[in-house]
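Asker: Build the 3D model from these lines:
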Amino acid sequence: MSKIQCTIFVLILFAIACKTNKQNQILSINEMKMVTADIIRVDEYVLNIENKDSANLLKNKLQYHYEMVYKIHNTNKEQFINSYKFYEKKPELLKALFDSVSVTMQRKTKTYGGAATPKI
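Answerer: Have a look, this model is predicted:
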């Protein structure tokens, strides 16, 4: 194989690897549903239960709890945001995601007797 053919082959492999890696960074709709539902629960908990603190302290608490959600779901903030942006560009998938999150939250509300978060 000539140097030019070899170089072209390597560039094609590199391009495929980059594209595949970017696609792997997108959470599936089911994974997004679970993470988004937990993020909503965190917001509800921190803003309603722990709302006695300053705005700066609330922001820190939200970030802490978000990191716990990402850890539970084996993801991170960057992957979640990239996934959200991906679904934003596909309105039909975004609608399906939010409909699914809504159903999940309604089930959790029934499970916990009227609250989307467990009683502490």
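Asker: which helices and strands does the helix or strand where residue 98 lies pack with?
Answerer: According to DSSP states H and E, residue 98 maps onto helix 91-111. With contacts defined as 3 or more C-beta pairs under 8 Å, 6 or more residues apart in numbering; DSSP states H and E, the packing partners of helix 91-111 are helix 29-48, helix 77-88. Quick note: C-beta positions are derived from backbone N, CA and C, even for glycine.
Asker: the bottom helix or strand of the protein by mean pLDDT?
Answerer: The helix or strand of the chain with the poorest confidence is helix 3-24; it has a mean of 48 (mean pLDDT, DSSP states H and E).
Asker: Where does the prediction get shaky in the protein?
Answerer: Flagging of the chain using pLDDT under 70 yields the residue ranges 1-24, 50-51, 53, 110-120.
Asker: switch to 80 and redo it
Answerer: Along the chain, segments meeting pLDDT under 80 span 1-24, 49-56, 108-120.
Asker: Which residues does stretch 84-97 contact?
Answerer: 26, 29, 32-33, 36 (C-beta atoms under 8 Å, 6 or more residues apart in numbering).
Asker: how about 6 Å then?
Answerer: Identification of contacts with stretch 84-97 by C-beta atoms under 6 Å, 6 or more residues apart in numbering yields 26, 29, 32.
Asker: about what we covered before: could you dump the helices and strands packed on helix 91-111 into a markdown table with mean neighbour count added?
Answerer: Output for the helices and strands packed on helix 91-111, formatted as a markdown table (neighbours: other C-beta atoms under 10 Å):
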| stretch | mean neighbour count |
| --- | --- |
| helix 29-48 | 18 |
| helix 77-88 | 15 |
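Asker: So for residue 102, which of these sits nearest?
Answerer: Closest approach to residue 102 among these is made by helix 29-48 (9.1 Å; C-beta to C-beta).
Asker: Could you list every helix and strand in contact with the closest one?
Answerer: With contacts defined as 3 or more C-beta pairs under 6 Å, 6 or more residues apart in numbering; DSSP states H and E, the packing partners of helix 29-48 are helix 55-72, helix 91-111.
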